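> With the sequence up front, the predicted model follows.
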Amino acid sequence: MEDVLKKLNEEENTYKLSMLLEKIAQGEIEDCSPIIKFLNDKRPAVRHSAIEALRACKSPAAENALIKVITESQDEYDLIYANAVLSKIGTNKAVPHLINLLEHHKGDVKCSALWALKEIGDASLLPSFLEALQDRSANVKGYAMLGIDRHGNETAIKPVIERIKTMLKRKRTIESDDLILALGFLIRFEEDNEEIHKLFDWIKSKKWDFLFDMEKEWIIKNIN
């Protein structure tokens, strides 16, 4: 890997430089300083490959560099790539900066931040996931539900029920795992919870024709 790192200083071709950085991303290094300087490269392909390469470095310097990216870059793809790597090597230090990105105007940036928060966060982030469940974007809602599924507790029951009712107001045209994920979350708390039982009965008696085949199969298998 040292030979590859040395070549970074010698290579100027965008494609070859990106390939070297991508190779580094597949390994493991201790010193990420040879990579960090490329985070400010004018070429997007080089920047993004450099961000990816930081996943090979578990040092605090790598996380600090990624936090700098997500707090300073105006490029949505820089943010998305950095969030993806933070989901692998990030710590609690990155959490407040990722939460700030939930206010970003681009849905894909929000989704990538929610994914990272799900991966490196804990139950203390549940309020952030619940707030994101109210976002206008269906994709953002889906990623918020992933966080709720991972870190949620009884306080998320009512918001999840409301989300399911909203999803089933009308027939949908695009299949996703969102409904099954939400139902799977509720199953954990269904014992002695009348509101959840009523929801399940409502779906089976009133909304059965609104379900996709995979959802019907899942409900038949998992909900009595």
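Perfect, thanks for sending it.

> Pull out the buried positions in stretch 177-186.
Asp178, Leu179, Ile180, Ala182, Leu183, Phe185, Leu186 (16 or more other C-beta atoms under 10 Å). Yep, even glycine has a C-beta here, placed from its N, CA and C like the rest.

> The third one contacts Glu215, correct?
In other words, Ile180. Yes: between Ile180 and Glu215 there is a contact under C-beta atoms under 8 Å: 6.0 Å.

> if I pick Leu181, what's in contact with it?
Gly142, Met145, Leu146, Asp149 (C-beta atoms under 8 Å, 6 or more residues apart in numbering).

> Could you pull up the residues touching the third one?
Pointing back at Leu146 there. With C-beta under 8 Å, 6+ apart, Leu146 has these contacts: Leu114, Trp115, Lys118, Leu181.

> With Ala61 instead?
Ala61 sits in contact with Cys32, Ser33, Ile36, where contact means C-beta under 8 Å, 6+ apart.

> at 6 Å what do you get?
Ala61 makes contacts with Cys32, as judged by C-beta atoms under 6 Å, 6 or more residues apart in numbering.

> ok, so what distance separates it from Met167?
43 Å (C-beta to C-beta, to the nearest Å).

> cool, and Trp202?
For Trp202 relative to Met167 (C-beta to C-beta), the value is 13 Å.

> And Lys6, by the same measure?
Lys6 is 54 Å from Met167, by C-beta to C-beta.

> thinking again about what came up before, out of the contacts of Leu181, which is nearest to Gln74?
Taking C-beta to C-beta as the measure, Gln74 sits nearest to Gly142 out of the contacts of Leu181, at 25.8 Å.

> re earlier: got a markdown table for the contacts of Leu146, with pLDDT, secondary structure and distance to Thr155 too?
Listed next are the contacts of Leu146 as a markdown table, based on pLDDT from 0 to 100; DSSP: H, G, I helix; E, B strand; the rest coil; distance: C-beta to C-beta, whole Å:
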| residue | pLDDT | secondary structure | distance to Thr155 |
| --- | --- | --- | --- |
| Leu114 | 98 | helix | 18 |
| Trp115 | 98 | helix | 22 |
| Lys118 | 98 | helix | 17 |
| Leu181 | 97 | helix | 18 |
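
> Narrow those residues to those that are buried.
For the contacts of Leu146, buried by 16+ other C-beta under 10 Å: Leu114, Trp115, Lys118.

> which one of those residues sits closest to Lys23?
Trp115 (24.9 Å).

> quick one: which of Lys6 and Met167 has more around it?
Met167 (17 against 12; other C-beta atoms under 10 Å).

> which ones are touching the more buried one?
Leu179.
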